[in-house]
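> Got a sequence here, can you model it:
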Amino acid sequence: LVHAGRSANDVAKEFGLHATTVAKWVRLSPMGMPAAASLPKSNVPQGPLNSAERQELVELRRKLRQVQMERDILAKANGLVCRQKREDVYNVYELVKANQAELPVRALCETLKVSSSGYYDWRDRPLSKRAKANAILREHIRRVHRASDETYGMPRIRAWCVTTERNQRQRPAPDLIKRVFVAKHINELWVADMTYIPTWEGFLYLAVVTDACSRKVVGWAFGVQMTADLVTSALNMALHTRRPESVIHHSDQGSQYTSIAFGNRCREMGVRPSMGSVGDAYDNAMAESFFATLECELISRRSWRTKTEARLAVFTWIESWYNPHRRHSALNYLSSNNFERKHHNNTINPETQITPELH
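From the prediction side, this is the model:
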């Protein structure tokens, strides 16, 4: 403003500042010398800032930080401040919870026009049935969105979600392992999950079942959609090749694993389903670890024109490399097949028997 022709006194009065402070800032600016020369000598400060100017500068910086923080909060709110329904208040609380690690709770609540006491009461309150159902639904929507490489919008996600019939009358299976992915015996604990493989034709979906004791992939299935049939096919392969007794099958709470068809198959075959909490990858860390290995060693290094090519490549990687040859630090650097061979032949001394750990 001073460079545009206004006096330091006018600018100072408009913004509630001292004229000497304005003149000081102009003098220190890149264009300060010409502007300062045009100012009356009485308005050009000499030497360092005095105590009043320093105090004013500190206060202005504090106000600037506050304005910037409020701007960031309102940008994250995306219109929630203009709420009219009670559900909108809960959405604001969700926003506060998601950002409390980066921004002060009090500032978030004040800017978004909710009370901090109300937020803490909501945060510490046990989840209602509806809230739990919404959390499960949100996790499923996120899974579908990620599976589409974040290209699907609401219509396609909705169409995908209704392709799997969920058992609404039965609660998800309890978490029987509590993040302890250690099994002393083969066919004691299986972990399962799904992922997607990009090709030029679109996504190919893969469901796997892994033995927690030997790290061996004991069941797998490919499909063009993430459905209950896909995970049931992987389970059926594991059941056919292993014939376990009362094995624990651990997965997340994806709608495919909570579906009626999958639940019926588990009961029919005496499988004990176990499920981690909603939206927590650590509750299915072993399955996530396998997919991280698959991504690092195969998917990120290759590209496939067709789904058939991708299917053959993943099948070869699992059956010709991962199970028979890939060594695991948790198994004293034995491969899964070698570990199981020694386990079955009782060649491992009981005093020095390997107890697999999560890596």
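> elements contacting the top helix by length along the chain?
Once the chain is assigned using DSSP state H, the helix that runs over the most residues is helix 51-77. Applying 3 or more C-beta pairs under 8 Å, 6 or more residues apart in numbering; DSSP states H and E, one finds that helix 51-77 makes contact with helix 19-28, helix 86-99, helix 105-111. Backbone N, C-alpha and C define where each C-beta goes, glycine included.
> Enumerate the positions of the last one that are buried.
Of the residues in helix 105-111, those buried by neighbour count under the rule 16 or more other C-beta atoms under 10 Å are 107, 108, 109, 111.
> can you give me the mean pLDDT across the helix or strand just after it?
Following helix 105-111 in sequence order, the next helix or strand is helix 116-124 (DSSP states H and E). Mean per-residue pLDDT for helix 116-124: 84.
> The closest residue to residue 257 other than its chain neighbours bridge partners, please.
Closest residue to residue 257 apart from its sequence neighbours, by C-beta to C-beta, 6 or more residues apart in numbering: residue 251 at 4.4 Å. Beta-bridge pairing for residue 251 (DSSP bridges): residue 275.
> Please report how far residue 194 lies from residue 56.
Residue 194 is 60 Å from residue 56, where distance means C-beta to C-beta, to the nearest Å.
> Give me the more crowded residue out of these two.
Legend: neighbour count by other C-beta atoms under 10 Å for residue 194 and residue 56, higher for residue 194 (24 against 16).
> what secondary structure does the more buried one sit in?
Using DSSP: H, G, I helix; E, B strand; the rest coil, the three-state assignment for residue 194 comes out as strand.
> did I read that right, residue 152 in a helix?
No - applying three-state DSSP, one finds residue 152 to be coil, outside a helix.
> Quick check: it touching residue 146?
No - if you go by C-beta atoms under 8 Å, residue 152 and residue 146 don't touch, sitting 9.7 Å apart.
> and those two? which has more neighbours close in?
residue 152 (17 against 12).
> Can you tell me the closest non-neighbouring residue to that one?
Using C-beta to C-beta, 6+ apart, the nearest residue to residue 152 is residue 145, at 6.0 Å.
> The one you found: which element?
helix 129-147.
> What average pLDDT does that helix get?
69.
> Show me where the stretch 1-150 of the chain dips below the pLDDT cut-off.
Residues of the stretch 1-150 of the chain meeting the criterion pLDDT under 70: 1-5, 11, 14-16, 28-47, 74-88, 127-137, 140, 147-149.
> give me that answer again for 80
Scanning the stretch 1-150 of the chain for pLDDT under 80 picks out 1-49, 66, 68-91, 98-103, 113, 125-150.
> what about the helices in the stretch 151-300 of the chain?
154-161, 228-242, 260-269, 285-297 (DSSP state H, counting those that start in this stretch).
> Pick the one among the buried residues of helix 105-111 closest to residue 99.
Proximity of the buried residues of helix 105-111 to residue 99 (C-beta to C-beta) peaks at residue 108, which lies at 6.2 Å.
> With that, I have no additional questions.
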